[in-house]
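Asker: Predicted structure and sequence below. I'll ask about it afterward.
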Amino acid sequence: MTEPSSAQRLAEQVRDGLWAGDRASQALGMQVTEIGPGRAVLTMRVREDMLNGHGMCHGGLIATLADSAFAFACNAGNELTVAAGFAIDFIAPAQRGDVLEARCTEVSRAGRTGVYDTTVSNQRGERVAVFRGRSYAMRGKPAVASAGR
């Protein structure tokens, strides 16, 4: 077995530090299942209290899952990075009991800006939504003060 790279170790430290303060993602029952430089995977089970008036998962909660994956991916290098904006397209509804997976990967990062794509799928691998996030990095500020030490 090979030793994880320093970039991978840093991403893991940032994940732990961000997760400790991420009350919104925790309250929604999300879990960070994978992390690495410029990428993250989060999951969330659709609960009864997440359903809209049509009995489907509220689109805002699907967007929140995608946004959380985006946040972990774009901060993985421990440079404080925030969302500059995002767009989401819903492809199929998510139902109560579905386990949604948001898989985010870096498309581009140049200067202070980045572009990240996230696909949200259910437990059957069926695509539920696609999300594109645009990030803005705060130069010289760590995402997590204790990471990388």
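Answerer: Received it, and whenever you're ready, just let me know what you need.
Asker: Now residue 97: closest residue in space, sequence neighbours ignored.
Answerer: Leaving aside its chain neighbours, residue 97 sits nearest to residue 46 (6.3 Å; criterion: CB to CB, 6 or more residues apart in numbering). The way it works is simple: take the backbone N, C-alpha and C, and place the C-beta from them, glycine included.
Asker: which residues pair with residue 82 across the strands?
Answerer: Beta-bridge partners recorded for residue 82 (DSSP bridges): residue 136.
Asker: Report the buried residues of whichever helix or strand residue 43 is part of.
Answerer: Under the criterion of DSSP states H and E, residue 43 resides in strand 39-45. Judged by neighbour count (16 or more other CB atoms under 10 Å), strand 39-45 contains these buried residues: 39, 40, 41, 42, 43, 44.
Asker: How about stretch 46-55?
Answerer: With burial defined by 16+ other CB under 10 Å, the residues of stretch 46-55 counted as buried are 46, 50, 51.
Asker: Please produce JSON lines containing these, extended by distance to residue 118 and pLDDT.
Answerer: As requested, the buried residues of stretch 46-55 are exported to JSON lines (distance: CB to CB, whole Å; pLDDT from 0 to 100):
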{"residue": "46", "distance to residue 118": "17", "pLDDT": "98"}
{"residue": "50", "distance to residue 118": "18", "pLDDT": "98"}
{"residue": "51", "distance to residue 118": "22", "pLDDT": "98"}
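Asker: Distance to residue 25 for those residues - can I get that in TSV?
Answerer: Formatted as TSV, the buried residues of stretch 46-55 follow (distance: CB to CB, whole Å):
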residue	distance to residue 25
46	15
50	13
51	19
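Asker: Considering those, which is situated nearest to residue 145?
Answerer: Nearest to residue 145, judged by CB to CB, of the buried residues of stretch 46-55 is residue 50 at 32.9 Å.
Asker: wait, doesn't the closest one sit right on residue 61?
Answerer: Yes. Counting by CB atoms under 8 Å, residue 50 does reach residue 61; the two are 5.1 Å apart.
Asker: what sits in contact with each of those two?
Answerer: residue 28 (CB atoms under 8 Å, 6 or more residues apart in numbering).
Asker: I'm done for today, thanks for sticking with me.
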